[in-house]
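S.K.: Only the shape, not the letters, is given here:
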């Protein structure tokens with residue numbers, strides 16, 4: 001029996017394009033659409049029908065994450081699994097690698113295997129197209145960590161990224177660490193957007209102007225490619241780097257050390273989540289600590305509520321607080337607990 005990948009290979013397109021021909025043909029170029037349809041006909045491909053998922057048929061929750069090598073998403077998965085097991089649900093894990101095409105394929109597979117519901121970390125703003133797969137099939141879905149602009153039809157659990165970023169940048173400024181360079185993931189997500197807004201809020205509160213030239217973008221999966229040569233011209237001795245997550249912060253730290261720049265004396269590094277959980281370099285980071293395990297449990301609880309109340313039109317967005325800490329060897333050690341905005 002022919003598969004979607006077989007059709008894609010014969011038509012010379014991606015599986016995502018084949019899926020679009022089936023679900024949203026008006027979004028595919030006519031010539032490409034005709035080529036795909038011809039390949040389907042020649043291979044006698046019969047697509048599976050989109051059917052409404054019934055939680056009574058398969059008691060399984062599909063968790064879709066952006067990068068399962070990131071400890072943050074591992075903790076979310078632990079939280080989801082704990083709640084799922086308590087309520088008699090299995091869990092399947094899907095990794096998109098921040099790739100919209102892999103995301104599309106994962107959601108198609110989830111829809112066709114008829115999971116009870118989905119907990120999803122979307123790749124970014126481009127995920128609005130993939131969202132149609134779940135919306136059209138009426139699959140109960142909860143977004144976690146990230147929102148999708150223009151798609152308000154899902155429940156969601158996120159951290160207060162803007163307030164957290166504002167707090168850690170304000171901490172840097174209070175310690176007279178400036179200028180501040182931001183190292184951000186190059187994929188446009190609500191997390192990157194809100195953390196940049198938080199940085200701008202802090203600068204405005206200190207009567208400083210945001211300079212977009214002081215933002216360096218890196219690969220969200222492989223930030224180890226960050227080079228200190230990109231940062232050095234923007235950060236003289238005594239400045240600071242605000243890295244968008246713990247993986248990027250570790251990459252910045254390694255790049256600084258390789259360039260014979262010594263945190264925290266020469267540069268202070270701030271980030272979300274602990275880039276040094278084993279205390280190898282204590283005090284070198286200002287950290288806005290999230291609770292990814294709780295994000296996982298709360299998103300699973302939201303999904304179970306949605307499964308039990310499928311006709312409830314009210315969608316919930318839960319915003320979890322973060323706590324900001326300065327390491328013991330940094331200047332002016334302190335801890336600030338923030339409430340959601």
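M.R.: Everything's here; your move. Quantities reported herein were computed from a predicted structural model and do not represent experimental measurements.
S.K.: quick one, helices of the stretch 151-300 of the chain?
M.R.: 161-174, 190-205, 228-231, 246-258, 292-308 (DSSP state H, counting those that start in this stretch).
S.K.: Please identify the deepest-packed of the ones you listed.
M.R.: helix 161-174 (a mean of 23; mean count of other C-beta atoms under 10 Å). In this view, the C-beta of every residue, glycine as well, is placed from N, C-alpha and C.
S.K.: now what about it, what contacts it?
M.R.: Around helix 161-174, the neighbours that count as contacts under C-beta atoms under 8 Å, 6 or more residues apart in numbering are 178, 180, 190-191, 194-199, 201-203, 205-206, 208, 240, 242, 268, 270-272, 286-288, 290, 321-322, 324, 326, 332, 334, 336, 338, 340-341.
S.K.: returning to what we had before: which of the helices of the stretch 151-300 of the chain has the lowest mean pLDDT?
M.R.: Between the helices of the stretch 151-300 of the chain, the one with the least mean pLDDT is helix 228-231; it has a mean of 82.
S.K.: residues near the residue lying closest to residue 230 once chain neighbours are set aside, how many?
M.R.: Of all residues not flanking residue 230 in the chain, residue 216 sits nearest, at 5.2 Å (C-beta to C-beta, 6 or more residues apart in numbering). Each residue near residue 216 was counted by other C-beta atoms under 10 Å, and the total is 20.
S.K.: Ok, residue 178 next?
M.R.: For residue 178, the count of nearby residues is 17 (other C-beta under 10 Å).
S.K.: give me every residue that touches it.
M.R.: Shown here is residue 178, whose contacts under the criterion C-beta under 8 Å, 6+ apart are 172, 208, 239-240.
S.K.: What values do phi and psi take at residue 119?
M.R.: In terms of degrees, to the nearest 10, the main-chain angles of residue 119 are phi -110, psi 120.
S.K.: neighbours around it, how many?
M.R.: Applying the criterion other C-beta under 10 Å, we find 29 residues in the vicinity of residue 119.
S.K.: Now do the contacts for it.
M.R.: Contact analysis of residue 119 by C-beta under 8 Å, 6+ apart lists 61-64, 80, 141-142, 144, 296, 299-300, 303.
S.K.: Equivalent analysis for residue 158, please.
M.R.: 143-147, 190, 295, 317-320.
S.K.: Going by neighbour count, which of those residues comes out on top?
M.R.: When neighbours are taken as other C-beta under 10 Å, the top entry among the contacts of residue 158 is residue 144 (30 neighbours).
S.K.: thought that residue was touching residue 156?
M.R.: Yes: taking contact to mean C-beta atoms under 8 Å, the distance of 7.1 Å between residue 144 and residue 156 places them in contact.
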